[in-house]
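# Make a model of this:
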Amino acid sequence: QVHLVESGGGLVQAGGSLRLSCADSGRTFSIGGMGWFRQAPGKEREFVAAISWSGGVIYYQESVKGRFTISRDYAKNTAYLQMNSLKPEDTAVYSCAAGRGPLRVESGYDYWGQGTQVTVSS
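This is a model prediction of the structure:
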């Protein structure tokens with residue numbers, strides 16, 4: 001059964017760091033690419049970062065380039081999003097996803113986690 005579980009969210013001051021984890025307790029890790037999306041209050045969900053099955057292709061939203069790093073650990077069936085130099089505008093619910101479609105759009109993913117809250121205070 002497909003099951004993605006995010007963790008690592010929380011409250012942090014601007015300039016701080018958090019590392020989000022996305023653990024796959026099912027077989028989704030073998031499906032393909034992994035992505036992170038976020039949704040702020042009153043806004044639509046947006047793409048943040050994605051990594052292909054091989055790890056050879058990585059994409060970032062322009063606003064997080066140089067600050068966020070996506071990675072995956074095949075042995076642990078876990079994907080990560082290291083977030084540094086956090087800004088108040090990074091505040092959102094962050095969700096991970098797995099799928100075989102295009103990496104930068106929601107329609108490319110078949111499985112989603114429940115999300116974890118990230119709040120950055122100024």
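# residue ranges of the strands in this structure, please?
4-7, 10-13, 18-24, 33-39, 46-51, 58-60, 68-73, 78-83, 92-99, 111-112, 116-121 (DSSP state E).
# Going by neighbour count, which residues of the last one are buried?
If I follow you right, that is strand 116-121. Neighbour counts using 16 or more other CB atoms under 10 Å place 116, 118, 120 of strand 116-121 among the buried residues. Backbone N, C-alpha and C define where each C-beta goes, glycine included.
# For residue 46, which residues are in contact?
In this structure, residue 46 makes contact with 37-39, 61, judged by CB atoms under 8 Å, 6 or more residues apart in numbering.
# typo on my end, it should be residue 113
Per CB under 8 Å, 6+ apart, neighbours of residue 113: 4-6, 22, 95-97.
# and these as TSV, adding neighbour count?
What follows is those, written out as TSV (neighbours: other CB atoms under 10 Å):
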residue	neighbour count
4	24
5	14
6	22
22	28
95	23
96	32
97	23
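# Switch the residues you listed over to CSV; also include pLDDT and distance to residue 51.
Conversion of the contacts of residue 113 to CSV gives the following (pLDDT from 0 to 100; distance: CB to CB, whole Å):
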residue, pLDDT, distance to residue 51
4, 92, 14
5, 92, 18
6, 95, 15
22, 94, 11
95, 98, 15
96, 96, 11
97, 95, 11
